[in-house]
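Engineer: need a 3D model of the sequence below.
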Amino acid sequence: MTGDVVRAHPMTPFREVVRLLERHRISGVPVVDHDDRVLGVISGTDLVREQARRARAEEGCIAMAGQLMSTPAVTVHPEQPVPDAARVMERRGIARLPVVDEEDRLIGIATRRDLLRVFLRTDGDIRREVMDDVLVGALGLTPDTVTVLVRDGLVTLTGPLERRSDVPKAIRAVWRLEGVAGMVNGLTHRVDDGPPPARRAPGQRAGRTRPGAERP
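Structural biologist: Numbering: from 1, shown residues only. Prediction:
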């Protein structure tokens, strides 16, 4: 994210918002209150829409940012994984996400460029993070337990884990790492600690019956 955020306030006039976007060459700004809590977001699209509406209505009053902003604002927290933020941008059709703390105070802005920059991480950096943070740090494995290969952001894991339940944990943890573009799962397990198979009713035969087939 970018920590130096251009922002507006509810009483920032229409023309001043336009100047902010033009001066800083950005597509939108968050609108904050006196405590820096994010109230909404105003974009160039909002400004164009308002300009067209005012032309039709022949209004002469000065519009303020608080009247033009889209609210509630779509925001993210700094600990959210990059893929989650990217999905929010794609789903909402937005190019900038205010980053807020636990009290919704503005601490930064994440843009599409910021998110794409993450995928420029080297394969070596990604592999080290998989080994140190996921396999050794989170799962408590020794470094030689699992083979980790990374090529163009595609992570391949091969080797045995102790428990079956550790496999999905490892997969989820790797997917959440910044720069991971895909994953190949070659993990196995020594102990099956999954739920026991469903018990069959008395007299029920094992196996499957073909659709339409009669039981003898």
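Engineer: where along this structure do the strands fall?
Structural biologist: For the chain, strands defined by DSSP state E occupy the ranges 28-32, 38-43, 96-100, 106-111, 147-151, 154-163, 182-191.
Engineer: need these in JSON lines with mean neighbour count and mean pLDDT, can you?
Structural biologist: (Each C-beta comes from the backbone N, C-alpha and C, glycine too.) Conversion of the strands of the chain to JSON lines gives the following (neighbours: other C-beta atoms under 10 Å; pLDDT from 0 to 100):
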{"stretch": "strand 28-32", "mean neighbour count": "25", "mean pLDDT": "92"}
{"stretch": "strand 38-43", "mean neighbour count": "22", "mean pLDDT": "91"}
{"stretch": "strand 96-100", "mean neighbour count": "23", "mean pLDDT": "90"}
{"stretch": "strand 106-111", "mean neighbour count": "20", "mean pLDDT": "89"}
{"stretch": "strand 147-151", "mean neighbour count": "16", "mean pLDDT": "95"}
{"stretch": "strand 154-163", "mean neighbour count": "16", "mean pLDDT": "94"}
{"stretch": "strand 182-191", "mean neighbour count": "13", "mean pLDDT": "92"}
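Engineer: want to throw those into a markdown table with distance to Arg19?
Structural biologist: As requested, the strands of the chain are exported to a markdown table (distance: least, C-beta to C-beta, whole Å):
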| stretch | distance to Arg19 |
| --- | --- |
| strand 28-32 | 11 |
| strand 38-43 | 13 |
| strand 96-100 | 18 |
| strand 106-111 | 18 |
| strand 147-151 | 45 |
| strand 154-163 | 45 |
| strand 182-191 | 43 |
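Engineer: so for the helix-or-strand element of the chain with minimal mean pLDDT, what gets flagged as buried?
Structural biologist: Averaged element by element with mean pLDDT, DSSP states H and E, the chain has its least confident helix or strand at helix 44-57 (a mean of 74). Of the residues in helix 44-57, those scored as buried under the neighbour-count criterion (16 or more other C-beta atoms under 10 Å) are 46-47, 50.
Engineer: so what touches that helix?
Structural biologist: When contacts are defined by C-beta atoms under 8 Å, 6 or more residues apart in numbering, helix 44-57 is touched by residues 14, 17-18, 21, 27-28, 63, 68-70.
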